[in-house]
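[1] mind folding the following:
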Amino acid sequence: MPVGMAKFECSILSSMSTPIDKVQRIQDQVHDLIERYRLTLGELEEKATDVAALHQELTLERKKVAGLRSEIEQLRLLMAFNGTQAERQALQRQLNEWVREINKCLAHLNA
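    As a prediction, the model looks like this:
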């Protein structure tokens, strides 16, 4: 086979395999992107689960805080009853004010 003919066949084979190589590279890239997508989707699902768990935990902590605030208020009232004469009088005034407000609300409801 003449040398010129070998070069011609080589160039034909290389030019014929180039589109096949390109298609193969594109397929490889598509497979890589699909794999990345699946990994990212898995990570996203994990993060969503973490967020839901943290949301539940936050809700529980808020309930605990509300309970503790209520206990603090009760302790303040107890301390006021056991406190000095001035503190008891201040508590009595506050209780009287609350009773007046409750009576006003009842009057509006009955009207």
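[2] centroid residue for this structure?
    residue 51 (3.7 Å; C-alpha atoms, centre = their mean).
[3] pLDDT score for it?
    pLDDT for residue 51: 95.
[4] how close does it get to residue 40?
    Going from residue 51 to residue 40 by C-beta to C-beta, to the nearest Å gives 16 Å. All C-beta spots, glycine's among them, are computed from the backbone N, C-alpha and C.
[5] same deal with residue 102?
    Residue 102 is 58 Å from residue 40, by C-beta to C-beta.
[6] next: residue 21.
    If you go by C-beta to C-beta, the gap between residue 21 and residue 40 works out to 28 Å.
[7] how about stretch 91-103: buried residues?
    Within stretch 91-103, the residues that qualify as buried by neighbour count (16 or more other C-beta atoms under 10 Å) are residue 91.
[8] tell me which other helices or strands the one helix or strand residue 78 maps to touches.
    Using DSSP states H and E, residue 78 maps to helix 3-82. The helices and strands touching helix 3-82, judged by 3 or more C-beta pairs under 8 Å, 6 or more residues apart in numbering; DSSP states H and E, are helix 85-110.
[9] let me know the angle separating the helix it packs on from helix 3-82.
    110 degrees (axes from the mean of the first three to the mean of the last three C-alpha atoms, to 10 degrees).
[10] I'd like to know which elements helix 85-110 is packed against.
    helix 3-82.
[11] what number of residues lie near residue 36?
    10 (other C-beta atoms under 10 Å).
[12] nope, residue 18 is what I was after
    Residue 18, neighbours per other C-beta under 10 Å, totals 10.
[13] now do residue 83
    14.
[14] next one: the one 3 residues further on
    By the criterion of other C-beta under 10 Å, residue 86 has 8 neighbours.
[15] any idea how far the helix or strand of the chain with the lowest mean pLDDT is from the chain center?
    One helix or strand of the chain scores below all others by mean pLDDT, DSSP states H and E: helix 3-82, with a mean of 83. Here helix 3-82 shows a centroid-to-chain-centroid distance of 14 Å under the convention C-alpha atoms, centre = their mean, to the nearest Å.
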